[in-house]
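Enquirer: Need the 3D shape of this:
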Amino acid sequence: MIDITNYSMPAEWEEHQRTFVEWPVKSSMLYPENHETVCAGYAEVVNAICEFEPVTVIINNDSLEEARRLCSSQAELLEIPHDDAWIRDNGPTFVRSTENEIAGIDWRFNAWGEKHPDFHLDDMVAERLLEILGIPMYSSNMTLEGGAIHSDGEGVLLATEQSLLNKNRNPYHTRTDIENELKKCLGIKRIIWLSKGLSGDETDGHIDNTACFAPASKILLQVCHDMNDFNYNITIENRNIFKRENDAAMRKFDIIEIEQPPLVKYKGKRLTLSYVNFYIVNGGIIMPFFDVPKTDEAAAAVLREMFPERKIITLDGMNIVTEGGGIHCITQQMPKGSNTK
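Expert: Residues are numbered from 1 along each chain as shown. Got it, this is the predicted structure:
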């Protein structure tokens, strides 16, 4: 296992070597009857990313024909057994050394606090992928999902207490233990803790549905102005926390608000609709739309302003979100480094 002390987690807008996506597994889906629709949604994301950078789709053996039929011929298919299809959470977190070499952090994975019984194959995906890639690995003894953290690439990390400090992940780790492990593994100086993520998020409030960094000390924050919505108080508290915080250079953050779409339920359950759950690619951004022109267009306008040099691609987010996640959740970027290919 490598010495991780001279590695750090880059910002997501830094150049990628490639993107990884895991293909859906029907037996693990919340609503297996939607399998075809969900696979079509994943393929849309894969094919959009292929226009900007290489994509590797991780498949189970019985998904080969389906993935090859739906995905662009530019997408590479790689067989690694897995239980579910959220590589942001069960895949490796890539970090980069001061010598520009890439390594991967293999966190423990327990299906968001053992919310689902089958996760043991998922817990092995990061190690197997890194071995195939020939990328050095650091194994952490901490349970963590990649959607629970977000880095500005300059030493500051975003996270929610609701997720990272949840006893269903690390019951024997204190807050200090978790902070120290994150600092060691990701090369960060400090963490900005939000109390909660968005209402209805079965991941226990992942940060990638709530807020993210943008270049030049900016934070994109999804907000709610409906006082009857549970997210109203949550997002007010989040905004107030960010107003008190500084970046690593002690500069105040510029907080850019994105209005959430109206509440939508599916089979009686609230869906976590998030415009912040977009994915940055080389030269572009893949973002979800939710068939709500007012908030859809407003969110796209914000991203165009924040990332003027990138092409904004909009996809139907509903094809994925009914299963509990979004575009960012199904992707994982590998930064470019001297040892990547």
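Enquirer: distance of Arg68 from Cys212?
Expert: Remark: distance between Arg68 and Cys212 (CB to CB, to the nearest Å) = 33 Å. For glycine as for every other residue, the C-beta is placed from the backbone atoms N, C-alpha and C.
Enquirer: Kindly report the same for Val264.
Expert: Distance check for Val264 against Cys212: by CB to CB, it reads 22 Å.
Enquirer: Between these two, tell me which one has more neighbours.
Expert: Remark: of Val264 and Cys212, Cys212 carries more neighbours, 24 against 16, as counted by other CB atoms under 10 Å.
Enquirer: just checking, what packs against the helix or strand where Ile280 lies?
Expert: Taking DSSP states H and E as the definition, one finds Ile280 inside strand 279-281. Judged by 3 or more CB pairs under 8 Å, 6 or more residues apart in numbering; DSSP states H and E, the packing partners of strand 279-281 are strand 16-22, helix 35-50, strand 284-289, strand 331-335.
Enquirer: Turn these into JSON lines, columns for mean pLDDT.
Expert: What follows is the helices and strands packed on strand 279-281, written out as JSON lines (pLDDT from 0 to 100):
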{"stretch": "strand 16-22", "mean pLDDT": "98"}
{"stretch": "helix 35-50", "mean pLDDT": "98"}
{"stretch": "strand 284-289", "mean pLDDT": "98"}
{"stretch": "strand 331-335", "mean pLDDT": "98"}
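Enquirer: and His120, which of these is closest to it?
Expert: Of all the helices and strands packed on strand 279-281, strand 16-22 sits nearest to His120, with 15.1 Å by CB to CB.
Enquirer: Tell me the neighbouring strands of that closest one, and mark each as parallel or antiparallel.
Expert: Sheet pairing here is set by DSSP bridges, and for strand 16-22 it gives strand 55-59 (parallel), strand 331-335 (antiparallel).
Enquirer: what about the strands in the stretch 101-250 of the chain?
Expert: 102-108, 137-143, 150-151, 156-160, 190-194, 211-214, 218-223 (DSSP state E, counting those that start in this stretch).
Enquirer: The last one pairs with which strands?
Expert: Here the strand partners of strand 218-223, with direction, are listed using DSSP bridges: strand 211-214 (antiparallel), strand 254-259 (parallel).
Enquirer: List the strands paired with the following helix or strand past the last one, with their directions.
Expert: By that I understand strand 254-259. Once strand 254-259 ends, the next helix or strand along the chain (criterion: DSSP H and E) is strand 265-266. Looking at strand 265-266 with DSSP bridges, its partner strands are strand 269-270 (antiparallel).
Enquirer: Quick one: residues in contact with the strand it pairs with.
Expert: 199-200, 263-264 (CB atoms under 8 Å, 6 or more residues apart in numbering).
Enquirer: closest to Asp247 out of the strands of the stretch 101-250 of the chain?
Expert: Closest to Asp247 of these, according to CB to CB: strand 156-160, at 5.7 Å.
Enquirer: tell me the angle the closest one makes with strand 190-194.
Expert: Counting by axes from the mean of the first three to the mean of the last three CA atoms, to 10 degrees, strand 156-160 points 30 degrees away from the direction of strand 190-194.
Enquirer: Give the buried residues for strand 156-160.
Expert: 156-160 (16 or more other CB atoms under 10 Å).
Enquirer: Could I get those in CSV, plus columns for pLDDT and distance to Gly324?
Expert: Below are the buried residues of strand 156-160 laid out as CSV (pLDDT from 0 to 100; distance: CB to CB, whole Å):
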residue, pLDDT, distance to Gly324
Val156, 98, 28
Leu157, 98, 23
Leu158, 98, 20
Ala159, 98, 19
Thr160, 98, 16
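Enquirer: on that earlier part again, could you point out which of the helices and strands packed on strand 279-281 sits nearest Phe119?
Expert: Among those, the nearest to Phe119 by CB to CB is strand 16-22 (12.8 Å).
Enquirer: Just the CA atoms of that closest one, as CSV, please.
Expert: Provided in CSV are the C-alpha atoms of strand 16-22 (Å, rounded to 0.1, in the frame of the first residue of the first chain):
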residue,chain,number,x,y,z
HIS,A,16,-9.9,14.0,-16.8
GLN,A,17,-8.2,11.0,-18.3
ARG,A,18,-11.5,9.2,-18.5
THR,A,19,-14.9,8.6,-16.8
PHE,A,20,-16.2,5.3,-15.3
VAL,A,21,-19.8,4.2,-15.2
GLU,A,22,-21.3,1.0,-13.7
